[in-house]
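1. Here is a sequence together with a model predicted from it:
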Amino acid sequence: MKFTVVWLALVVPAFSLENGLLRTPPMGWLAWERYRCNINCKEDPDNCVSENLFVAMADRLAEDGWRDLGYVYLNIDDCWMAPERDENGLLVPDPERFPHGIKYLADYAHARGLKLGIYEDMGNKTCMGYPGTTLDKVQLDAETFANWTVDMLKLDGCYSTVHDRAKGYPAMARALNATGRPIAYSCSWPAYDDGLPPKVNYTLLIEICNLWRNFDDIQDSWESVLSVVDWYTEHQDVLQSVAGPGHWNDPDMLIIGNYGLSFEQARAQMALWTIFAAPLFMSTDLRALSPQNMDILQNKLMIKINQDPLGIQGRRVLTTKQKIDVFLRPLSKEAKAIVFFSRRVDMPHRFQTSLRALNFTDSVVYEAEDVYTGGIISGLTADTNITVVINPSGVVMWFLYPIMDLENPMVGKTRPWL
Ligand code: GLA
């Protein structure tokens, strides 16, 4: 009898989350990069972290076309809480800034076809010093979030030990599951353990988290975007293999629409995040977006590529002395996305290459659609000379699909990718 029990324990995994959520990367809006911990509602009522701000962003998401393109998450970050838990140990929102509570915001979001995300921290305090989820509070807090009908939790890792994180992140996954409410789970755990194996156990993360931050916070600058791109590229062998439907690497928010990026750089961030199969969380003032930035963020073909059902993260396939890097993401139905990215600082660069140089093989003929201009380039074979003109710190992005396969005559007959 004892023997049987031991065997069972060995073959049945301790638990597996697989909550079925986020089969494609989440899209929406997240407060932090743009609004930080601005709690000064007296002097800055339109921009402080408050119910007003989230209601305003919910309205924009619902009314300006975002929701219909897939941007459905409205996510709260740090600084939503009162400084202390209540007498029963429950988390409470700041009563002045969130006068109707979090359930009200969740209802407001749901009534508009949106989902609400909330933020906590697996430690003694959040990064900005608000009450954290200590190990004894995991279940209580999960239940609180479920009672508020929240749809996503970002669990940060400030003020925690290695031990707290190793216990707490899986415990929160179990607790969220036990509520019976589908709550997508974003774990900052890897970011607090240097982001890479052996310290980070991605096999476990895939089971318990839907997405995870593994690198530094993004800031409002091109330099910051580049540092994320560099880290993701340097470690692409590890990172590419751990991403997939239901479990994504999160290189952090889109800063398009803020103060740090030029037009070219904004296009580059969007294209590279799409290659990375990254969550698309905008952190910007949706009330004040320029038409140009709106076009970038609402590019339908871009979003279709980002949301490709195979969910394969792309990688850099070529880097050149001329400071042009080429990234490629395999997509469903044999399609591919290619980004030609310039790190140059001089002038538009005429880059010449061929599909063969990007490891394409002989037999297939492709057509390409330029994701930003809509231009079509047809009849591309492995040896066709390709010239793209790439602006400094900009990209050219192609959606490439086979129109004929000499070894498989069926390809190209139905054009199912269009
Ligand atoms: C950490 C996270 C950020 C943000 C802040 C909030 O720095 O990485 O994304 O949530 O905390 O304090």
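-> Right, received. Where do you want to start?

2. which SS class is residue 239?
-> At residue 239 the chain is in helix, as set by DSSP: H, G, I helix; E, B strand; the rest coil.

3. so where is the stretch 101-250 of the chain shaky, pLDDT-wise?
-> Scanning the stretch 101-250 of the chain for pLDDT under 70 picks out nothing.

4. For it, what lies in contact range of the ligand?
-> 126, 127, 128, 156, 188, 213, 217 (C-beta under 6 Å from any ligand atom). C-beta coordinates here come from the backbone N, C-alpha and C atoms, glycine included.

5. so what's the fifth one up against?
-> Residue 188 makes contact with 154, 155, 156, 157, 212, 213 under the criterion C-beta atoms under 8 Å, 6 or more residues apart in numbering.

6. which residues sit in contact with the nearest residue to the fourth one once chain neighbours are set aside?
-> Sequence neighbours aside, residue 192 is the residue nearest to residue 157 in space, at 3.8 Å (criterion: C-beta to C-beta, 6 or more residues apart in numbering). Taking C-beta under 8 Å, 6+ apart, we find residue 192 in contact with 157, 158, 160, 165.

7. mind checking which helix or strand the second one is in?
-> In other words, residue 158. Using DSSP states H and E, residue 158 is not contained in any helix or strand.

8. same check, this time on the last one
-> Assessed by DSSP H and E, residue 165 sits inside helix 162-179.

9. hmm, who's touching the helix or strand just after that helix?
-> Downstream of helix 162-179, the next assigned helix or strand under DSSP H and E is strand 184-187. Here strand 184-187 makes contact (C-beta under 8 Å, 6+ apart) with 17, 19, 21-22, 26, 117, 151-155, 169, 172-173, 176, 205, 208-213, 250.

10. Could you list which of these belong to helices?
-> Judged by DSSP state H, the subset of the contacts of strand 184-187 located in helices is 169, 172, 173, 176, 205, 208.

11. Let me know how buried the third one is, in neighbour terms.
-> Going back to what we said before, that points to residue 173. Residues lying near residue 173 (other C-beta atoms under 10 Å) number 27.

12. Ok, the fifth one next?
-> Under the neighbour criterion other C-beta under 10 Å, residue 205 is assigned a count of 23.

13. How about the last one?
-> For residue 208, the count of nearby residues is 25 (other C-beta under 10 Å).

14. One more: the fourth one?
-> Residues contacting residue 176 under the criterion other C-beta under 10 Å number 27.

15. show me the residues around it that make contact.
-> Per C-beta under 8 Å, 6+ apart, neighbours of residue 176: 19, 142, 145, 146, 153, 183, 185.

16. Can you give me the pLDDT of the first one?
-> So the one you mean is residue 19. Looking at residue 19, its pLDDT stands at 92.

17. and the gap between it and residue 152?
-> 11 Å (C-beta to C-beta, to the nearest Å).

18. Give me the more crowded residue out of the two.
-> Higher neighbour count among residue 19 and residue 152: residue 152, with 26 against 18, using other C-beta under 10 Å.

19. Pull the contacting residues for the nearest residue to the more buried one once chain neighbours are set aside.
-> Distances taken as C-beta to C-beta, 6+ apart put residue 117 closest to residue 152, at 3.5 Å, once the chain neighbours are dropped. Residue 117 is in contact with 28, 30, 73-76, 150-154, 184, 186, counting by C-beta under 8 Å, 6+ apart.

20. one more time with 7 Å
-> 73, 74, 75, 76, 150, 151, 152, 154 (C-beta atoms under 7 Å, 6 or more residues apart in numbering).

21. Next: residue 18.
-> residue 246.

22. That one and the ligand: what is the separation?
-> 25 Å (C-beta to the nearest ligand atom, to the nearest Å).

23. what's the neighbour count on residue 379?
-> Neighbours of residue 379 using other C-beta under 10 Å come to 11.

24. That one belongs to a strand, doesn't it?
-> Yes - with three-state DSSP as the criterion, residue 379 is located in a strand.

25. Distance-wise, check it relative to residue 258.
-> For residue 379 relative to residue 258 (C-beta to C-beta), the value is 41 Å.
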